[in-house]
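Enquirer: Show me how the following folds:
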Amino acid sequence: MAGDEFAALLGQLKERSGLSYGTLGKRLHMSASTLHRYVNGDAVPVDYAPVERLARLCRATPDELVELHRLWVRADVARSRKAPAPDASAAPQPAAPVTPSGTAAPISERQPAPPSEPSPAPAPEAPAVSPSDLPPGDPAAEGSPSPARSRRFRRTAVVVGAAVVAAAVSAALVLNLSGNDRPGGAAASPSGSGAERPGTPSGESENPGRPGGTAPATANAPTVAAAPHTWEGPCTQHYLIDRGPEQVPPPPTEQDAPGWIAALDAVPGGDQLLRLTVQGKGKRTVVLEALHVRVVSKKAPLPWNDYVMGVGCGGEVSTKAYAVDLDAGRPTAEPVGGQRTFSYKTSETDPVIFNVAARARAHDVSWYLELAWSSGSERGTIRVDDDGRPFRTSGNLARPAFAYPLGWTEWIVNEADTEGP
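Expert: Prediction:
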């Protein structure tokens, strides 16, 4: 099962690290018992971030991180299927009114008073009557609701119906936000590699009865979650910021990067690695046919300072599967490292993860991706961007560069060459 494979890989990483549950828990700010449940397969984390932190602490390789992400997505799907459905027969109870003293009113005081004839002065409240005190045959004794009670029931039904609709919309949003990373595999999760953004689907299906033969239909459109600030390694990621080093806080971890970037209006410098997690909505197979790059604007590179997120980390094994040269006249997503070209297949239990490495040297480029898909007679295109905005990547050649070495308390001039290959 997917959960067993996920737990097995976690166990291998933990054993290889040689660290105890207690030591790992202290470093991850988690309880040892929680880690033990994850490794034993007794529980699946609801978020991928702690899993990635654990794997990195255990010195997982990039390939192991990708595989772990994929297995977590599958285990998460399996867990959601096992979750018990809510009892639809349990009708929600109306909230108890609160008296001026701040305490809930007794049950007898919550019952609506029977309607009275209109009069200039308010009618006195009728005393509470027990059904046992009513004569046989009386409608009230047989449970027939009064007009006031019927109106209350109708109002309750309307409120409950609105709550059900809101819950359905929330569930759809959560579904669109789930996902992960690897060609032929995936995660988006929500992952620890920055906040993942859902793609915007559009589609069509064959329908000869309509003019043009097509009609909007996205029932089988896959979900796409994008993590726009994924790092190959802390020493590889640069950001351009229009501030001096004394105005820039220390570099964040990859998990906290989205908030740091948003607060400083930072723009990826030189390279930007995106993780796309694509996942079907059911058992029906979805074919991913092509990945297109769309350029919104291309300008001169930003004249801002360059800040690198780490120093002295050593080399990293590349995990990217597709490279995009944003300086090209017509940028395309080209497979690298022996990665095969499209198409791919995905379903709810078999997510696919794509790593897309975009590079800009001579321009400031705003861009987004389009993923073409099909499922039976349906087909469509999903726009993948940064939460409704285009991605943005700018060249950082010959910019004033700064680094924040481990143990230091301020940014220093980065002596490393920023000319790039």
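Enquirer: can you tell me the average pLDDT over stretch 219-238?
Expert: Per-residue pLDDT over stretch 219-238 has a mean of 84.
Enquirer: end to end, how far does it reach?
Expert: 39 Å (CA to CA, to the nearest Å).
Enquirer: So, low pLDDT: which residues of the protein?
Expert: Along the chain, the parts satisfying pLDDT under 70 run over 1-2, 81-218, 234, 311-320, 415-421.
Enquirer: So what are the sheet partners of the biggest strand by length in the chain and their directions?
Expert: Scanning the chain for the longest strand, with DSSP state E as the assignment, gives strand 286-299. Using DSSP bridges, the strands paired with strand 286-299 are strand 344-346 (antiparallel), strand 364-375 (antiparallel).
Enquirer: the helices in the stretch 151-300 of the chain, which residues?
Expert: 257-264 (DSSP state H, counting those that start in this stretch).
Enquirer: most packed of the strands paired with strand 286-299?
Expert: Ranked by mean neighbour count, these are led by strand 364-375 with a mean of 21 (mean count of other CB atoms under 10 Å). No exception for glycine: its C-beta is placed from N, CA and C like everyone else's.
Enquirer: Tell me the helix or strand right after it.
Expert: strand 378-384 (DSSP states H and E).
Enquirer: Tell me what angle that following strand forms with strand 364-375.
Expert: 160 degrees (axes from the mean of the first three to the mean of the last three CA atoms, to 10 degrees).
Enquirer: Contact partners for P222?
Expert: P201, V278, Q279, G280, K281, V286, L288, T346, W373, I382 (CB atoms under 8 Å, 6 or more residues apart in numbering).
Enquirer: Then N305?
Expert: L240, I241, D242, R243, G244, P245, R399, P400, A401, F402.
Enquirer: closest to F391 among the residues you listed?
Expert: L240 (14.0 Å; CB to CB).
Enquirer: Buried among the contacts of N305? Make that a PyMOL selection.
Expert: Only the buried entries of those go into this PyMOL selection, using 16 or more other CB atoms under 10 Å:
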select buried, resi 240+241+245+399+401+402
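Enquirer: Closest one to Q255 out of the contacts of N305, please.
Expert: Among those, and counting by CB to CB, the member closest to Q255 is I241, at 19.5 Å.
Enquirer: so the closest one makes contact with Y307?
Expert: Yes - if you go by CB atoms under 8 Å, I241 and Y307 touch, sitting 5.8 Å apart.
Enquirer: so what sits against both of these two?
Expert: V248, A266.
Enquirer: one step back: go through the longest strand of the chain and flag the buried ones.
Expert: Those would be V286, V287, L288, L291, V293, V295, K298, for strand 286-299 by 16+ other CB under 10 Å.
Enquirer: will you turn the residues you listed into a markdown table that also has distance to S31?
Expert: Output for the buried residues of strand 286-299, formatted as a markdown table (distance: CB to CB, whole Å):
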| residue | distance to S31 |
| --- | --- |
| V286 | 39 |
| V287 | 44 |
| L288 | 40 |
| L291 | 41 |
| V293 | 45 |
| V295 | 48 |
| K298 | 50 |
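Enquirer: got a list of what the closest residue to A401 other than its chain neighbours touches?
Expert: Spatial nearest neighbour of A401, chain neighbours left out: N414 (3.9 Å); criterion: CB to CB, 6 or more residues apart in numbering. Contact analysis of N414 by CB under 8 Å, 6+ apart lists D306, V308, V311, A401, F402, A403.
Enquirer: of all the residues you listed, which two lie farthest apart?
Expert: Every pair of the contacts of N414 checked by CB to CB; the farthest is D306 and V311, at 13.3 Å.
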